[in-house]
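Visitor: kindly generate the corresponding structure for this input.
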Amino acid sequence: MGGQNEFCSTDSDNSPKWSILNALAWKLTPNWRFLHSHGGQEQLFGYKRAWITYNRVRIVSSAGYNYIPSELLGCVVFNEVGGDPPSIKRNVVLPVRQHLPFQRSPMQTSEGAIKIQLRVALSAIGLESMKLDHQQQDELTTCLETDVFNIEVVAKLLYKLIIFDYPNIDTMYLTDEQFVVAGSRYNRGTARPLSEFIQSLNDSPGQADRVYTSYGRAMLRHRDEVEKILKW
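Guide: Predicted coordinates:
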């Protein structure tokens, strides 16, 4: 059943969730073809493609509304969906952090199919100064499990991350460098200066700092495929 809470309407159809069984097949049997024509790893990539296909109109619409390239948003989606099941974060990780001592803040829990920390999601929608109690944290989690809200929050964040480093550019048209940096910021935040990301991007394979842009470079590798899905 859908409904309304403090942060969103949850009356929206959602794509099928990545389940614990899906995750076990991916993690434990990546190459066992009896589970899937190409094993668990291809099952994961198939899920990513299907999720983008299911939400194609929403991704393109939200990207346009927030004035970012649809393929940037789509590539973050490709990186994030699947993998760790959202149900684990919601039903195990978040309650543990809410109720047990000596844990990370619950607001550092990543929620939604397109995984994003609660504190980051709150900042993306302009409520960074708001202090959430446990019920409000649960409500925000419910919203992030709603595809349309999840997509919109990530799009808003990506716009902010682009202008954080490149305040004077046309955010609809990114160079490869800007594309990689924006994606890497999604994964690593805004603590490091732009110069470290640029250095990482230019480092040779095997150098330690190259990891700072690994997320964005993975996005770049999948960009052509994501673009085809979004334009299909």
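Visitor: do you know how far R104 is from R119?
Guide: 11 Å (C-beta to C-beta, to the nearest Å). Placement of C-beta: from N, CA and C, glycine included.
Visitor: of these two, who's got more company?
Guide: Using other C-beta atoms under 10 Å as the criterion, R104 and R119 rank with R119 on top: 17 against 10.
Visitor: tell me the pLDDT at the more buried one?
Guide: At R119, the pLDDT value in this model is 97.
Visitor: what sits against the spatially closest residue to it that is not a sequence neighbour?
Guide: Leaving aside its chain neighbours, R119 sits nearest to M107 (3.9 Å; criterion: C-beta to C-beta, 6 or more residues apart in numbering). Going by C-beta atoms under 8 Å, 6 or more residues apart in numbering, M107 touches Q117, L118, R119, L122, L132, Q137.
Visitor: narrow the residues you listed to just the buried residues.
Guide: Neighbour-count burial (16 or more other C-beta atoms under 10 Å) applied to the contacts of M107 gives Q117, L118, R119, L122, L132, Q137.
Visitor: what's the closest of these to R223?
Guide: Q117 (24.6 Å; C-beta to C-beta).
Visitor: so what's the residue nearest to the spatial centre of the chain up against?
Guide: In the chain, the residue lying closest to the centroid (C-alpha atoms, centre = their mean) is I114, at 3.5 Å. By C-beta under 8 Å, 6+ apart, I114 lies in contact with V76, V77, E80, V81, N150, I151, V154.
Visitor: nearest to Q199, of the residues you listed?
Guide: Checking these one by one against Q199 (C-beta to C-beta), the nearest turns out to be V76, at 22.6 Å.
Visitor: please give the element, helix or strand, for that closest one.
Guide: Per DSSP states H and E, V76 falls inside helix 70-80.
Visitor: may I see the buried residues of the helix or strand that that helix is followed by?
Guide: Counting by DSSP H and E, the next helix or strand C-terminal to helix 70-80 is helix 86-88. Across helix 86-88, burial judged by 16+ other C-beta under 10 Å covers P86.
Visitor: quick one: buried residues of the helix or strand just after helix 86-88?
Guide: As assigned by DSSP H and E, the chain's next helix or strand after helix 86-88 is helix 94-99. By neighbour count on 16+ other C-beta under 10 Å, the buried set for helix 94-99 is L94, R97.
Visitor: what's the per-residue pLDDT of the residue nearest to the centre of the chain here?
Guide: Reading off the model, I114 has pLDDT 97.
Visitor: just G3 next, same as before
Guide: Value for G3, per-residue pLDDT: 72.
Visitor: follow-up on the earlier one: what's the distance between the residue nearest to R119 and I88?
Guide: On the measure of C-beta to C-beta, M107 and I88 end up 18 Å apart.
Visitor: also S214?
Guide: For S214, the distance to I88 - C-beta to C-beta - is 24 Å.
Visitor: report the contact partners of W232.
Guide: T53, R56.
Visitor: could you list every helix and strand in contact with the worst-scoring helix or strand of the chain on mean pLDDT?
Guide: Within the chain, confidence by mean pLDDT, DSSP states H and E is lowest for helix 20-28 among all helices and strands, at a mean of 76. Helix 20-28 makes packing contacts with helix 39-54 when contacts are defined by 3 or more C-beta pairs under 8 Å, 6 or more residues apart in numbering; DSSP states H and E.
Visitor: average pLDDT for the helix it packs on?
Guide: 87.
Visitor: next SSE after it?
Guide: Assigned by DSSP H and E, the successor of helix 39-54 is helix 56-65.
Visitor: still on that earlier bit, from the contacts of M107, which is closest to N14?
Guide: Closest to N14, out of all of the contacts of M107 and judged by C-beta to C-beta, is L118, at 18.7 Å.
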